[in-house]
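In: Okay, here's the prediction I keep looking at, along with the sequence it came from:
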Amino acid sequence: MANAFASIRDYSGGSSDEEQDSTKKLRIDEEVNLHLKDANATASLKNTIRVWSSPPVESKESFKTIMPVDDKKELLHNPKYEVLYKPELGPENPFRTCQQKAVKNNLAGFVEPSHISNFEFEVQRRTFHSYGYAVDPSTDGISEPNKVVGDIAKFEEMKGVTVFEKTRPRHGDSRQRHTNNDPSDIGGYLGPWGKFVDEKIVMKPSEEEKKDLDEILAKRSKNSKRVEDKPIEEKSIMHLREPVDYQGRSFMHVPTEVGVNLRADEPPDRCFIPKRNIHVWTGHNKQLNAIRWFPKSAHLLLSCSMDHKIKIWEVYGERRCVRTYIGHNQGVRDICFNNSGAKFLSCAYDRYCKLWDTETGACLSRFSSGKIPYCIKFHPEECKQDFFVAGTSDKKIVCWDIRSGEIVQEYDRHLGAVNTITFVDLNRRFVSTSDDKSLRVWEWDIPVDFKYIADPSMHSMPAVTLSPNGKWLGCQSMDNQIVMFNALNRFKFSRKKVFKGHMVAGFACGLDFSPEMSYVISGDADGKLYVWDWKTTKLYEKFKAHDDVCISCLWHPHETSKIATAGWDGLIKFWD
């Protein structure tokens with residue numbers, strides 16, 4: 001330190017460079033030989049002169065003996081055991097219960113991870129479900145093996161066995177077999193295939209069991225036996241006072257003084273949406289299933305209902321009920337006129353198809369295949385008016401010959417009940433739809449479909465109508481939309497002609513076209529009638545037509561704005 005002060009003094013004195021060099025060399029020599037000097041001399045020098053580079057500051061350990069621990073799970077220092085487990089500082093809440101004072105890391109308490117093998121856990125779980133007891137999971141099972149939870153009496157009775165351990169033998173566990181392991185005994189060798197000693201090959205019921213079984217079998221045979229519904233005697237009721245007018249004309253005569261030419265072949269130039277209800281036909285007691293116009297003239301309306309009756313109504317004049325046809329035991333499903341309108345067919349849930357004379361009301365023939373017919377159609381060709389087809393519940397389309405009363409052809413390719421039959425392509429082919437969500441096209445008298453249309457996105461189509469120009473096939477799909485198929489060009493599905501907005505899922509609501517192909521109409525499950533524009537598929541109009549399901553709607557072929565609707569409320573309404 002003295003050398004340092006001497007060097008400072010020499011520097012302030014302004015000595016020459018040579019003196020400075022010699023002084024520096026002398027100081028280095030002294031520092032090299034410093035370890036040879038007396039230690040007391042150096043210590044005394046330190047005690048006399050001290051240089052403090054910083055002010056006096058208290059250390060952290062001198063006053064910070066307690067470090068707070070926050071609620072985090074991570075400690076940023078290493079505390080001692082005494083510090084870590086000291087009681088919490090501050091006042092204690094006197095209102096806290098012992099459970100609230102306990103240390104928790106979970107809602108249920110303090111959870112500590114522990115290891116248990118899957119095998120042991122499964123053994124104890126199955127033992128508890130089988131015997132009602134298990135080892136207490138709070139113990140290790142070794143220090144306290146008799147500490148169990150559950151049925152302690154059962155534990156003592158079973159002596160603490162588990163499902164994994166062998167239990168007492170039960171009756172039938174060790175059954176004795178007939179043994180003969182001598183291979184030289186060709187006839188009596190049993191090997192491992194010997195039967196049990198107490199095995200009974202033929203089991204015979206006791207007398208009481210036999211009596212009970214006979215009663216059960218008798219009930220089953222009685223319930224399974226289908227009672228054949230015998231056809232009732234057909235009759236018809238004429239509701240008019242006079243069957244003919246003063247000129248000797250019956251109700252079948254086409255009226256001429258109604259303001260419309262009912263014999264015209266051309267449709268009206270332009271149609272309009274109906275605005276009001278002009279007439280209501282009442283007479284059916286239950287829901288209606290179908291209505292049909294009289295062929296060509298449409299001056300009569302034929303209806304069938306679930307009240308087992310078929311009625312024919314006047315469309316013009318007084319709009320009276322002309323005749324009622326009674327001949328079915330159950331509800332009538334479908335009806336169809338022949339080309340002239342002199343006869344019509346009806347099919348009902350009593351499994352009968354019947355041919356009626358429209359004017360006299362006489363039943364001309366009965367046909368039955370033993371299955372329920374869902375739809376029925378005459379062949380439209382004049383030369384084949386003696387044939388008709390019916391779609392039945394056994395997935396078949398049956399063709400009958402009216403003259404012989406026999407089945408002449410069966411079309412059996414569908415996988416579900418047949419719902420509709422529609423003739424297309426100049427009556428050379430017909431299209432059928434079914435519950436199997438498919439559409440099949442058939443050549444007449446060829447029982448193999450030449451066109452099969454099915455797609456995973458398709459739904460069942462229980463109502464089908466051919467357009468007046470014969471080019472389009474309108475199908476009521478069960479996904480609440482009307483889809484169109486081109487009836488001339490390979491039955492191609494038209495994606496642009498899809499009519500939506502109504503609710504028909506689960507109901508076979510009919511649809512129809514206006515005569516000049518400007519509108520499409522359809523019934524609805526809520527009893528509404530919907531009207532769409534044909535070109536744009538835009539919904540033009542909807543109005544409440546019936547209190548229940550509007551099951552059928554027909555546009556008059558010669559009128560511009562007259563529509564007939566039928567509903568499940570038993571009413572037929574005429575709109576204009």
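Out: That came through fine. Numbering: from 1, shown residues only.
In: contacts, neighbours, all on C-alpha from now
Out: Noted.
In: Show me the strands in the stretch 51-200 of the chain, by range?
Out: Using DSSP state E, counting those that start in this stretch, the strands of the stretch 51-200 of the chain run over 133-135, 148-150.
In: Show the end-to-end separation of stretch 320-336, please.
Out: End-to-end distance of stretch 320-336: 21 Å, with Cα to Cα, to the nearest Å as the criterion.
In: tell me the average confidence for that stretch?
Out: Mean pLDDT, computed over stretch 320-336, is 94.
In: Output the strands of the stretch 51-200 of the chain as a markdown table; include the columns mean neighbour count, mean pLDDT and distance to Y530.
Out: Listed next are these as a markdown table, based on neighbours: other Cα atoms under 10 Å; pLDDT from 0 to 100; distance: least, Cα to Cα, whole Å:
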| stretch | mean neighbour count | mean pLDDT | distance to Y530 |
| --- | --- | --- | --- |
| strand 133-135 | 24 | 89 | 69 |
| strand 148-150 | 15 | 89 | 69 |
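In: Relative to V408, which of these is closest?
Out: The closest of the strands of the stretch 51-200 of the chain to V408 is strand 133-135. By Cα to Cα, the value is 75.5 Å.
In: and V322, that's in a strand?
Out: Yes. Under DSSP: H, G, I helix; E, B strand; the rest coil, V322 falls within a strand.
In: Touching, it and I312? I think so.
Out: Yes. V322 is within contact range of I312, at 5.7 Å (criterion: Cα atoms under 8 Å).
In: Contact partners for E215?
Out: Going by Cα atoms under 8 Å, 6 or more residues apart in numbering, E215 touches no other residue.
In: Can I get the one helix or strand it maps to in CSV, CA atoms only?
Out: Using DSSP states H and E, E215 sits within helix 207-224. Output of helix 207-224 as CSV, limited to C-alpha atoms (Å, rounded to 0.1, in the frame of the first residue of the first chain):
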residue,chain,number,x,y,z
GLU,A,207,-97.7,-84.6,-17.1
GLU,A,208,-98.3,-81.0,-15.8
GLU,A,209,-95.8,-79.5,-18.2
LYS,A,210,-97.3,-81.4,-21.1
LYS,A,211,-100.8,-80.0,-20.2
ASP,A,212,-99.4,-76.4,-20.1
LEU,A,213,-97.6,-76.9,-23.4
ASP,A,214,-100.7,-78.2,-25.1
GLU,A,215,-102.7,-75.1,-23.9
ILE,A,216,-100.0,-72.8,-25.3
LEU,A,217,-99.8,-74.5,-28.6
ALA,A,218,-103.6,-74.4,-28.9
LYS,A,219,-103.6,-70.7,-28.3
ARG,A,220,-100.9,-70.1,-30.9
SER,A,221,-102.6,-72.1,-33.6
LYS,A,222,-105.8,-70.2,-32.9
ASN,A,223,-104.2,-66.8,-33.2
SER,A,224,-102.2,-67.7,-36.3
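In: what lines up beside the helix or strand just after that helix in the sheet?
Out: Next helix or strand after helix 207-224 toward the C-terminus (DSSP H and E): strand 235-238. Strands flanking strand 235-238 in the sheet, each with its direction: strand 321-326 (antiparallel) (DSSP bridges).
In: Figure out how far the strand it pairs with is from the centre of its chain.
Out: 44 Å (Cα atoms, centre = their mean, to the nearest Å).
In: Give me the contacts around it.
Out: By Cα under 8 Å, 6+ apart, strand 321-326 touches 234-240, 251, 281, 308-314, 361.
In: Burial check on H379, number of neighbours?
Out: A count of nearby residues for H379, using other Cα atoms under 10 Å, gives 22.
In: so who does it touch?
Out: 385-389, 423, 427.
In: Which of these sits closest to K80?
Out: Nearest member of the contacts of H379 to K80, counting by Cα to Cα, is F423, at 98.4 Å.
In: can you count the residues close to S305?
Out: 26.
In: make that R490, sorry
Out: That count, for R490 with other Cα under 10 Å as the rule, works out to 10.
In: ok, now L364?
Out: Count around L364 with other Cα under 10 Å applied: 13.
In: Show residues contacting the one helix or strand it maps to.
Out: In this structure, L364 sits in strand 363-367 according to DSSP H and E. With Cα under 8 Å, 6+ apart as the test, strand 363-367 has contacts from 234-235, 352-357, 402, 405.
In: From those residues, which land in strands?
Out: 235, 353-357 (DSSP state E).
In: ok, which pair from these is furthest apart?
Out: K235 and C353 (15.2 Å).
In: hang on, the earlier thing: and the contacts of strand 321-326, which are buried?
Out: Buried members of the contacts of strand 321-326, scored by 16 or more other Cα atoms under 10 Å, are 236, 251, 281, 308-314, 361.
In: From these, pick the one nearest A102.
Out: For these, the nearest to A102 is H308 (81.4 Å; Cα to Cα).
In: about what we covered before: mind putting the contacts of H379 in CSV, pLDDT and distance to Y374 included?
Out: Listed next are the contacts of H379 as CSV, based on pLDDT from 0 to 100; distance: Cα to Cα, whole Å:
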residue, pLDDT, distance to Y374
Q385, 94, 20
D386, 94, 20
F387, 95, 17
F388, 96, 13
V389, 96, 11
F423, 95, 16
N427, 91, 21
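In: Filter the residues you listed down to the buried ones.
Out: 387-389, 423.
In: of the residues you listed, closest to I551?
Out: Ranked by distance to I551 (Cα to Cα), those are led by F423 at 21.6 Å.
In: Could you say which helix or strand holds the closest one?
Out: strand 418-424.
In: Which strands or helices does that strand pack on?
Out: If you count contacts as 3 or more Cα pairs under 8 Å, 6 or more residues apart in numbering; DSSP states H and E, strand 418-424 packs onto strand 373-378, strand 387-392, strand 429-434, strand 463-466.
In: Mind doing that once more with 6 Å?
Out: strand 429-434 (3 or more Cα pairs under 6 Å, 6 or more residues apart in numbering; DSSP states H and E).
In: The strand it packs on versus strand 418-424: what angle between them?
Out: Angle of strand 429-434 versus strand 418-424, following axes from the mean of the first three to the mean of the last three Cα atoms, to 10 degrees, is 160 degrees.
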